[in-house]
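sequence first, predicted model second:
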Amino acid sequence: MDLAGLLAFNVLTGIATLVLITLGLGVIYGMMRIINLAHGEFMMLGAYTAVMASGAGVNIWIAMLVLPPLVVGVIGLVLERTVIRFLYGRMMDTMLATWGVSLGLIGLVTTLYGNVVRGVSTPVGSFDIGRYGASLYSLVIMATALGALAAMFGLLRFTKFGLILRATMQNPRMAAALGVQPNRIYMATFALGAALAGLAGGILAPISGVSPAMGAAYVARAFITVLGGGPAIITGTGLASGLFGTINELVSFKTTPVIGDVALLAAAILLIRLLPQGITGRYLRRSL
């Protein structure tokens, strides 16, 4: 029973982690149709923000939860105004442009901080599940993921900005005819997606090695989850993260993490083969 409890706890942690690393990409790719290959580097910038802020004496919670989304959101806004806004409607061009941005960010961070692995100390301790120990920080990850999903749902469902955002993404010409400025909505949406990626990097910094190339470990899983979830950002991210996170953790628990990643990829291939438009492209089409 103790082992089953630990396994369930690890599965929930894996699902929450996948939600965090996917949500920002879901906004940028799922809503804006921009293939953002710099998503992993946005997470890396969030992680470095947490490392630098905590090293400068900033409260660890502010360094992880507040500063990364703010800093990376501003960086995303600047990139949208200087690069991305000229490429809307040209999916392949956005892919090449964001690939170049990712290489540039890796090179810049390597030049500034060196190609070394940094870290942030975990701000909470551990607890026991029967005979086994587990980190209390996993509860922080779960709470942050749940809070991010709830905040995005509330933003899209109950606010004027969310209504305008969804309308602009579906029909920008009609939105413009009604007095909306699509360019500003695109700018805000891209900055929001970047901020969510920064939040993911900041919250995952204590449990992952922070280095210039760390984003490569997350971007593939993020794209797989977004594609598997389908067009509904909140519901799709939650369902796909639940499915893939469970498969990954169960297989990793029985074998190795490498085999767990292979199982996740195999499950994603099968899902996309059966549901080319993702889970919410076939089911729950009216969900957010």
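Looks like it arrived, so ask away.

residues touching the residue lying closest to Gly278 once chain neighbours are set aside, list them.
In space, and not counting its chain neighbours, Gly278 is closest to Gly230: 2.4 Å by CB to CB, 6 or more residues apart in numbering. To be clear about C-beta, it is placed using only N, CA and C from the backbone, and glycine gets the same treatment. Taking CB atoms under 8 Å, 6 or more residues apart in numbering, we find Gly230 in contact with Gly236, Ala240, Leu275, Gln277, Gly278, Ile279, Thr280, Gly281, Arg282.

go with 7 Å
Applying CB atoms under 7 Å, 6 or more residues apart in numbering to Gly230 gives the contacts Gly236, Gln277, Gly278, Ile279, Thr280, Gly281.

among the residues you listed, which pair sits farthest apart?
Within those, Gly236 and Gln277 form the most distant pair, 10.1 Å apart (CB to CB).

and Ala145, what element?
In this assignment (DSSP states H and E), Ala145 forms part of helix 137-158.

relative to helix 137-158, how tilted is the next helix-or-strand element following that helix?
Using DSSP H and E, the helix or strand that follows helix 137-158 towards the C-terminus is helix 160-170. Computed by axes from the mean of the first three to the mean of the last three CA atoms, to 10 degrees, the angle separating helix 160-170 from helix 137-158 equals 80 degrees.

which secondary structure elements does the next helix or strand after helix 160-170 contact?
On the C-terminal side of helix 160-170, the nearest following helix or strand under DSSP H and E is helix 172-177. Where contact means 3 or more CB pairs under 7 Å, 6 or more residues apart in numbering; DSSP states H and E, helix 172-177 is packed against helix 160-170, helix 182-204.

right, and the ones you listed - which one's nearest Ala176?
helix 182-204 (5.5 Å).

before we move on, the earlier item: separation between the residue nearest to Gly278 and Leu112?
Note on Gly230: its distance to Leu112, by CB to CB, to the nearest Å, is 39 Å.

again with Pro182
Per CB to CB, Pro182 is found 35 Å from Leu112.

the more surrounded of those two?
More neighbours surround Pro182 than the other of Pro182 and Leu112, with 17 against 10 (other CB atoms under 10 Å).

please name the residues that touch the more buried one.
For Pro182, the contacting residues are Thr168, Pro172, Ala175, Ala176, by CB under 7 Å, 6+ apart.

please name the nearest non-neighbouring residue to the last one.
To tie it back to what came earlier, the one meant is Ala176. Excluding the flanking residues, the one nearest Ala176 by CB to CB, 6+ apart is Pro182, at 5.5 Å.

ok, back up a step: looking at Gly236 and Gln277, which is more packed in?
Neighbour count, other CB under 10 Å: between Gly236 and Gln277, Gly236 has more, with 26 against 12.

what about the one helix or strand Thr110 maps to, distance to the chain center?
According to DSSP H and E, Thr110 maps onto helix 91-113. For helix 91-113, the separation from the chain centroid amounts to 17 Å (computed by CA atoms, centre = their mean, to the nearest Å).

got it, and stretch 133-145?
Centroid separation for stretch 133-145 versus its chain: 17 Å, with CA atoms, centre = their mean.

now swap in stretch 81-90 and tell me
With CA atoms, centre = their mean, you get 21 Å for stretch 81-90.

what of stretch 68-87?
That offset, for stretch 68-87, works out to 16 Å (CA atoms, centre = their mean).

let's number from 22 now, not from 1
Let's use 22 as the start, then, which means that last one is stretch 89-108.

now distance to Trp120, pLDDT and secondary structure too, for the contacts of Gly251, in a markdown table please.
Converted to a markdown table, those look like this (distance: CB to CB, whole Å; pLDDT from 0 to 100; DSSP: H, G, I helix; E, B strand; the rest coil):
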| residue | distance to Trp120 | pLDDT | secondary structure |
| --- | --- | --- | --- |
| Gly257 | 25 | 89 | helix |
| Gln298 | 25 | 87 | coil |
| Gly299 | 24 | 87 | coil |
| Ile300 | 28 | 88 | helix |
| Thr301 | 27 | 87 | helix |
| Gly302 | 26 | 82 | helix |
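
which of these lies closest to Met85?
Nearest to Met85 among these is Gly257, at 26.4 Å by CB to CB.

which residues touch that closest one?
By CB under 7 Å, 6+ apart, Gly257 lies in contact with Gly250, Gly251, Gly299, Ile300, Thr301.

thought the third one was touching Gly250?
Think Gly299. Yes. Contact criterion CB atoms under 7 Å: Gly299 and Gly250 qualify, at 5.3 Å.

find the least confident helix or strand in this protein, judged by mean pLDDT.
Least confident helix or strand, the chain: strand 147-150 with a mean of 73, by mean pLDDT, DSSP states H and E.
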